[in-house]
Every structure is written in structure tokens, then in C-alpha cells.
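Novice: Quick one, what's the 3D model for this:
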Amino acid sequence: MPTYEFTCEKCKRKFSLTMPVAEYEKKKFRCPKCKGTNVKQLISSFQTVTSTKS
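Specialist: Now for the predicted structure:
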């Protein structure tokens, strides 16, 4: 599952959420600290694991 990074506009806390793509597409994110819904996604790197060797 992908990990997405966010920052809360209310309390200014940065946090990460690991969720399936289907859950991400619902766009209902909450800050785990203040429970605010005004969050902004940060640009971050990603990793992938494949089942075959290149």
C-alpha cells in the first residue's frame, strides 16, 4: 500500500497515512492530532516492490 504525506493547516503538524489507492481516492483525510480536515498533501518520494527481477 502507498504511503501519503500530509500537513495539517490547522495545527501545522506533518503526518503520513498508509492506505489503499481506493481509500485515497475518497479524499477524506483527517489530522491524527487535532482531527482537522483541512490537510494539504506533500510531495514525497515513493518505493515499489515487484515480484519479478528486472
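
Novice: my read: Lys33 touches Phe6, true?
Specialist: No: the criterion here is CB atoms under 8 Å, and Lys33 misses it with Phe6 at 11.4 Å. C-beta: built from backbone N, CA, C; applies to glycine.

Novice: who's more crowded, these two?
Specialist: Phe6 (19 against 12; other CB atoms under 10 Å).

Novice: Now do the same contact list for that one.
Specialist: Lys14, Phe15, Ser16, Leu17, Phe29, Cys31, Val39, Lys40, Gln41, Leu42 (CB atoms under 8 Å, 6 or more residues apart in numbering).

Novice: Leaving out the residues flanking it, which one is nearest to it?
Specialist: Spatially, and ignoring its direct neighbours in sequence, Phe6 is nearest to Val39 (4.5 Å; CB to CB, 6 or more residues apart in numbering).

Novice: and if you look at Asn38?
Specialist: Glu9 (4.3 Å).

Novice: List the residues that contact that neighbour.
Specialist: Glu9 touches Gly36, Asn38, Val39, Lys40, counting by CB under 8 Å, 6+ apart.

Novice: and the last one, bridged to which residues?
Specialist: Meaning Lys40. For Lys40, the beta-bridge partners under DSSP bridges are Thr7.

Novice: what about it, neighbour count?
Specialist: So Lys40, with other CB under 10 Å, has 10 neighbours.

Novice: So it is in contact with Thr7, correct?
Specialist: Yes: contact criterion CB under 8 Å: Lys40 and Thr7 qualify, at 5.4 Å.

Novice: re the thing from before, among the contacts of Glu9, the buried ones, what's the PyMOL command?
Specialist: The following PyMOL line selects those of those that are buried, judged by 16 or more other CB atoms under 10 Å:
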select buried, resi 39
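
Novice: would you list every one of the helices in the protein?
Specialist: 21-24 (DSSP state H).

Novice: Report the separation between Thr37 and Val49.
Specialist: According to CB to CB, to the nearest Å, Thr37 and Val49 sit 32 Å apart.
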